[in-house]
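**Student:** Let me see the structure of the following:
(chains A and B)
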Amino acid sequence: DAMVIQNPRYQVTQFGKPVTLSCSQTLNHNVMYWYQQKSSQAPKLLFHYYDKDFNNEADTPDNFQSRRPNTSFCFLDIRSPGLGDAAMYLCATSRDLGSNQPQHFGDGTRLSIL
Amino acid sequence: AQKITQTQPGMFVQEKEAVTLDCTYDTSDPSYGLFWYKQPSSGEMIFLIYQGSYDQQNATEGRYSLNFQKARKSANLVISASQLGDSAMYFCAMREGRGWDQAGTALIFGKGTTLSVSS
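**Tutor:** Here you go, the predicted structure:
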């Protein structure tokens, strides 16, 4: 009964070849987030959606885009992956943005760049 | 300045012993939430426990408890009766504010502490 599902678990792509990571949720939460986590580092927020409202972090590169076609799904698009984009990508959800709301994470997608 | 500080890069404990993982935080917002997450080597981030800034009592969830000392701005995680399956990276995190039009809605993570439990 997984609640936040990320596909695939492992993704390999070529340098410069666009790639899309997917996330779905069964929690009916309003907010969906994408984090990037490099080895031995804390997760870093890239952006989040509150319902259909997109909120980009100031230092998220333009190479990273996101789509949320409906409540359940959210996609992370990397337009031209570079070697520095190899990382674990974590999707998370929360009911809303209140400071008392925990975020529930998926299992992550580990992205490798050849 | 770091918002969340975890000073212990690694901790070692034997099975059945208790262990405390340290976390201090920095915020001027009176309303905030503190969270602990566990990340095993497989990569998933598992929510463990939450403490709100206005909560009067320390949070507990099974073998996990949070030693919240507001004046010292610390929120240490205590794991009682450690098990081999507790071996993982543990992250302390904070959310500031309440409401989407306020700054600081992002979950701010510390650098993590790696816990190793031995038999």
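**Student:** Please make it C-alpha for all contacts and neighbour counts, starting now.
**Tutor:** Fine.
**Student:** for chain B, what spans make up the helices?
**Tutor:** Using DSSP state H, no helices are found in chain B.
**Student:** What parts of it come near chain A?
**Tutor:** B:31-33, B:35, B:43-47, B:50-52, B:91, B:95-100, B:105-107, B:109-112 (Cα under 8 Å from any Cα of the partner chain).
**Student:** Now, of these, which are buried?
**Tutor:** Buried by 16 or more other Cα atoms under 10 Å in any protein chain shown: B:31-33, B:35, B:43-47, B:50-52, B:91, B:95-98, B:105-107, B:109-112, out of those.
**Student:** In strands, which of these fall?
**Tutor:** Judged by DSSP state E, strands contain the following of those: B:32, B:33, B:35, B:46, B:47, B:50, B:51, B:52, B:91, B:95, B:96, B:109.
**Student:** Just give me the least confident of those residues.
**Tutor:** Lowest in pLDDT among those is residue B:96, which has 84.
**Student:** wait, doesn't it sit right on residue A:99?
**Tutor:** Yes: using Cα atoms under 8 Å, residue B:96 is in contact with residue A:99, at 5.6 Å.
**Student:** just to revisit the earlier point, possible to save the ones in strands among the buried ones among the residues of chain B next to chain A as JSON lines with distance to residue B:70?
**Tutor:** JSON lines is the format used below for these (distance: Cα to Cα, whole Å):
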{"residue": "B:32", "distance to residue B:70": "11"}
{"residue": "B:33", "distance to residue B:70": "12"}
{"residue": "B:35", "distance to residue B:70": "14"}
{"residue": "B:46", "distance to residue B:70": "24"}
{"residue": "B:47", "distance to residue B:70": "21"}
{"residue": "B:50", "distance to residue B:70": "14"}
{"residue": "B:51", "distance to residue B:70": "11"}
{"residue": "B:52", "distance to residue B:70": "10"}
{"residue": "B:91", "distance to residue B:70": "19"}
{"residue": "B:95", "distance to residue B:70": "15"}
{"residue": "B:96", "distance to residue B:70": "15"}
{"residue": "B:109", "distance to residue B:70": "18"}
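**Student:** contacts for the lowest-mean-pLDDT helix or strand in chain B?
**Tutor:** Sorting the helices and strands of chain B by mean pLDDT, DSSP states H and E puts strand B:108-109 at the bottom, at a mean of 92. Around strand B:108-109, the neighbours that count as contacts under Cα atoms under 8 Å, 6 or more residues apart in numbering or on different chains are A:42, A:43, B:3, B:4, B:91, B:92, B:93, B:94, B:95.
**Student:** The last one touches residue B:34, doesn't it?
**Tutor:** Yes: under the criterion of Cα under 8 Å, residue B:95 is in contact with residue B:34, at a separation of 6.6 Å.
**Student:** Check which helices and strands the host helix or strand of residue A:111 sits against.
**Tutor:** Secondary structure from DSSP states H and E places residue A:111 in strand A:109-113. On a contact count with 3 or more Cα pairs under 8 Å, 6 or more residues apart in numbering or on different chains; DSSP states H and E, strand A:109-113 meets strand A:10-13, strand A:87-94.
**Student:** Mind exporting the C-alpha coordinates of the helix or strand following the shortest one to PDB?
**Tutor:** If you walk from strand A:10-13 toward the C-terminus, the next helix or strand you reach (DSSP H and E) is strand A:19-25. These are the backbone C-alpha positions of strand A:19-25, laid out as PDB (Å, rounded to 0.1, in the frame of the first residue of the first chain):
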ATOM      1  CA  VAL A  19      14.800  12.400 -19.100                       C
ATOM      2  CA  THR A  20      11.500  12.400 -17.200                       C
ATOM      3  CA  LEU A  21      11.000  11.000 -13.700                       C
ATOM      4  CA  SER A  22       7.600  10.300 -12.400                       C
ATOM      5  CA  CYS A  23       5.800  10.400  -9.100                       C
ATOM      6  CA  SER A  24       2.300   9.500  -8.100                       C
ATOM      7  CA  GLN A  25       0.500   9.600  -4.800                       C
END
